[in-house]
Structure formats: C-alpha cells, structure tokens
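Participant: Coordinates for the following, if possible.
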Amino acid sequence: MGAYYLLRPLRDAMASNWTDAEVSWLWTFTFAFSVIAVSLYGAAVTRVRFHYLVPGVYGFFAATFVLFYLGATALPDADTLDKAFYVWISVFSLFHISVFWSFMADTFSKSQSKRLFGFIGAGASVGAIAGPAVVTFLAGSAGTEPLLLVAAVMLVLTLPVIGLLQRLKATALHNEETQADAGDIARIGGNPLAGYVVFFQRNSGFLWGIGLFIFLYTAISSFVYFELKNLLAHYDEARRAQIWAAMDLVVNTLTIVIAAFATGRIAKHLGLPFTLAMVPVAICAGMLLLAAAPMVSIVVAVQVARRAGNYAISRPAREMLFTAVDRETRFKAKPVIDIVIYRGGDMLNAWGFTALTQGLGLGMAAVAGVGAAIAALWAAVGIYLGRRFNAMRPDIEATSQPESVAADPAP
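Facilitator: Next comes the predicted model:
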C-alpha cells in the first residue's frame, strides 16, 4: 500500500499535462486492460501455487517500475511513456490488494483471521499514509523519477517477508493444511461469462441497484478528478505530485479515524439507508456550493470528502449489501460489479465530462450543477438499496456493523 500510494500522486500529477479527451482515452485503455488483467489473474490463481505466484507478482511489478525509471531518465520525450505509466499504475492497483489478501487467506486459519485481519488491515491504512507522506516531503527536492526506485525497493522488501510468512505458516501458525478455498477461487477465475449471467438473471433489481450505485459514484469521481486535473495544470509536475499526495494523506488519515469511531455507530443506530445516502447527500451539497463559488479550495474539499466518505462509510456499507445474497452471487457477480462496472463507469463518465467541457463548452459552475444532480440520484439509489436490504435481511439492521476496508485503488 505504501508503494502504491507513493506512485499514485505521480500518476495523477501527469494527468494535468493532457487534455480531457486524452485522459478519457487513457481511462478507456485502463478499462480494457483491467478486464483482461482480472481474467488473466483469475486463470493464474487456479493454476499457480501462491508459494510462487505472490513473490512473482510483486517482483514483476518492482522490475517494471525500474524499467519506467530508466525510460524516464533516458528518453528525451517521455509523453508516451508517461501515458503507459498512467495506465500501468491503474492496472497495478488491481493486483496489489487482491494478491495480498489471497496470500493472507492461504496463510491463516479461519479463527486466526477473525482475530488478526483487522490488525493486518490497519497496516494497509498505515502504508496508505506513509506513501503520500514520502511524496509530500521528497518530490519537491528530488523530483518524481527517483520515487519510482523507492517504490520498487518497497516492493522488493516484501519478498523476504513473504518467505518468512510462508515458513511461519508451518512452524508457528501450524497451518500446514490451511489453503485458500480453491473452489471459491475457481468460481472467480473459471468461466469469464458466468458472473455476467448471474448479474443479469439473479436478484436483478438488487444487483443492478448496486451496479448503478457504483456507476453514479464513478460519475462524481470522474467529474471531481477532471476538475482538479485542469485546475492544477499551471503547477509544475513535482508540485502537483505533492498536492495530490497531501490529499491522499488527509484522506487516509480521516478514513482511519472515521472507520474506527463512527462507521459502525452510524450503521447501527441510523440504519443502512441513511448510511448509504449520507455521503452522496454531502457531495450534492458540496457540488451546489462549487456551482455557486467555483474555487480550487472547494474542489479539493469535495475530493477529500468524497474519497474519505467512500472509504470509511459508503464502501463498508456497500460491502454489507452482499451479505443478503447467496454465495454464488458473491463470487460470480461481485467481481463484475466491482471491476467491470467500476472501470466501465470511469471510462464512460470520463467521456461524459469531456463532452460537457470540450463539446458543449460548459464551465466549472455548470458542470458542478450537473454533478449535484448526479449526487442526488446517487443518494436516492442508496436509500432504495438500504430499504431492499432491510426487507431481505431484517435481522442485519439491528445486529450488524460494517467493517472498515482498505482504500479503493480507483482513480
């Protein structure tokens, strides 16, 4: 997480060098590569032992970061390389969380996981804070290219830890027979069309509602991201990286605080409909404020509120919705919703923003008005999903509390 969040500000800083149309094309490529990458990884998981798969994946990505560093320092015109790096980091974001938690499931028993996974997840949050902190302090003086080597070293440092955990699995944890559920993994990495069939045929209204909820979230994400990209264009790239890193630092710190002290209480005492609609309503208010006073500080505040609110409140509440569906739906349809619809929403909404700005010539205030309407619809879908959930699982509302999840690697 530290390596990813160290590189993420570098990726986002590059976006201000390109037009909205160029970034929309990059998001299109990201969507295409993400669908391919998830399918390939699913196939690899069913065929390659974690003993070789996990260090192989981390070592491979570390090597690619070194190659990007060499290319950035050797090529006089690195625009094409920068665009490739932009897409590659988005692909990397899919793997570093998936591989890690697969490895954890293969290392610890069920009873150990209940006791330790919360603590391990906190380590992910600390990494998400440490990465942007490094960028904030170093990017201005050292430039951005050396940070690629720092990220590569951080990934390489995971390799001896992986070996240590593999040895401790047998010697200290006594889990020689513990393996990740191969049947569950096979369902994810088997027939690539099975998830689509389940999504369109089973509990369609509820699953489509979750898909629409995520799609509307990506719409707000895209609008705010593109506004920030354009507003930061007059800064140099190192300064932009520091600004993006500072936002990541604030977001991840707020996420830990909110998730630790507020999320469970909100869901338990105010209900899931309120929890799912809470962040969209706040973003709607922020968009209306931005439409009335289009300023950089308000865009930054909306971005921080959107991401922290999603990581600490909306995402845990959204994951809770899947406890109301059967196991096959979780393993087959959920990846379609989490990856394909998410990345597809990024792509379509990026082109939508480009059409509004470059096609229709709308300014920040007008685009913010459109964003406010989208956020209002987003809140309405959240209320619908919360009520459907209560009708499907009336026992959950009174007894369950959603848990915090790691930060979403989306743009």
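Participant: show me where pLDDT drops low in the stretch 101-250 of the chain?
Facilitator: 101-102, 105-106, 109-119, 121-122, 136, 138-144, 173-197, 202-204 (pLDDT under 70).
Participant: Would you mark the buried spots in the helix or strand Y52 falls within?
Facilitator: Secondary-structure element containing Y52, defined by DSSP states H and E: helix 50-74. Of the residues in helix 50-74, those buried by neighbour count under the rule 16 or more other C-beta atoms under 10 Å are 50, 53-55, 57-59, 61-62, 64-65, 68-69, 71-72. To be clear about C-beta, it is placed using only N, CA and C from the backbone, and glycine gets the same treatment.
Participant: Please apply the same query to stretch 151-170.
Facilitator: Applying a neighbour-count criterion of 16+ other C-beta under 10 Å, one finds A151, A152, M154, L155, V156, T158, I162, L165, Q166, K169 buried in stretch 151-170.
Participant: and what of stretch 84-93?
Facilitator: Using 16+ other C-beta under 10 Å as the burial criterion, the residues of stretch 84-93 that qualify are F85, Y86, V87, W88, I89, S90, V91, F92, S93.
Participant: As TSV, the residues you listed with distance to G361 would be great.
Facilitator: As requested, the buried residues of stretch 84-93 are exported to TSV (distance: C-beta to C-beta, whole Å):
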residue	distance to G361
F85	31
Y86	26
V87	28
W88	33
I89	31
S90	29
V91	33
F92	36
S93	33
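Participant: Distance check, the nearest residue to K229 once chain neighbours are set aside against F200.
Facilitator: The shortest distance from K229 to any non-neighbouring residue, by C-beta to C-beta, 6 or more residues apart in numbering, is to A15 (4.5 Å). Between A15 and F200 the distance, using C-beta to C-beta, to the nearest Å, works out to 34 Å.
Participant: Which one's more surrounded, those two?
Facilitator: A direct count of neighbours by other C-beta atoms under 10 Å for A15 and F200 places A15 higher, at 25 against 12.
Participant: Assess the claim that the more buried one and F85 are in contact.
Facilitator: No - proximity of A15 to F85 does not meet the contact threshold set by C-beta atoms under 8 Å, at 11.3 Å.
Participant: elements contacting the particular helix or strand that has C284 in it?
Facilitator: Taking DSSP H and E as the criterion, the element that holds C284 is helix 272-292. Secondary-structure packing of helix 272-292 (3 or more C-beta pairs under 8 Å, 6 or more residues apart in numbering; DSSP states H and E): helix 204-231, helix 263-270, helix 296-309, helix 315-321, helix 364-392.
Participant: can you put the ones you listed in CSV and add mean neighbour count?
Facilitator: Rendered in CSV, the data for those read as follows (neighbours: other C-beta atoms under 10 Å):
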stretch, mean neighbour count
helix 204-231, 21
helix 263-270, 16
helix 296-309, 19
helix 315-321, 22
helix 364-392, 19
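Participant: Any chance of these in JSON lines with distance to Y4 as columns?
Facilitator: Conversion of those to JSON lines gives the following (distance: least, C-beta to C-beta, whole Å):
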{"stretch": "helix 204-231", "distance to Y4": "17"}
{"stretch": "helix 263-270", "distance to Y4": "23"}
{"stretch": "helix 296-309", "distance to Y4": "15"}
{"stretch": "helix 315-321", "distance to Y4": "17"}
{"stretch": "helix 364-392", "distance to Y4": "26"}
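Participant: between those, which gets nearest to A285?
Facilitator: helix 364-392 (8.2 Å; C-beta to C-beta).
Participant: For K268, see how far away the residue nearest to K229 is.
Facilitator: According to C-beta to C-beta, A15 stands 39 Å off from K268.
Participant: One more: V300?
Facilitator: 32 Å.
Participant: how about the buried residues of stretch 151-170 in CSV, adding distance to R307 and secondary structure?
Facilitator: As requested, the buried residues of stretch 151-170 are arranged in CSV below (distance: C-beta to C-beta, whole Å; DSSP: H, G, I helix; E, B strand; the rest coil):
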residue, distance to R307, secondary structure
A151, 21, helix
A152, 26, helix
M154, 22, helix
L155, 24, helix
V156, 29, helix
T158, 25, helix
I162, 29, helix
L165, 30, helix
Q166, 34, helix
K169, 35, helix
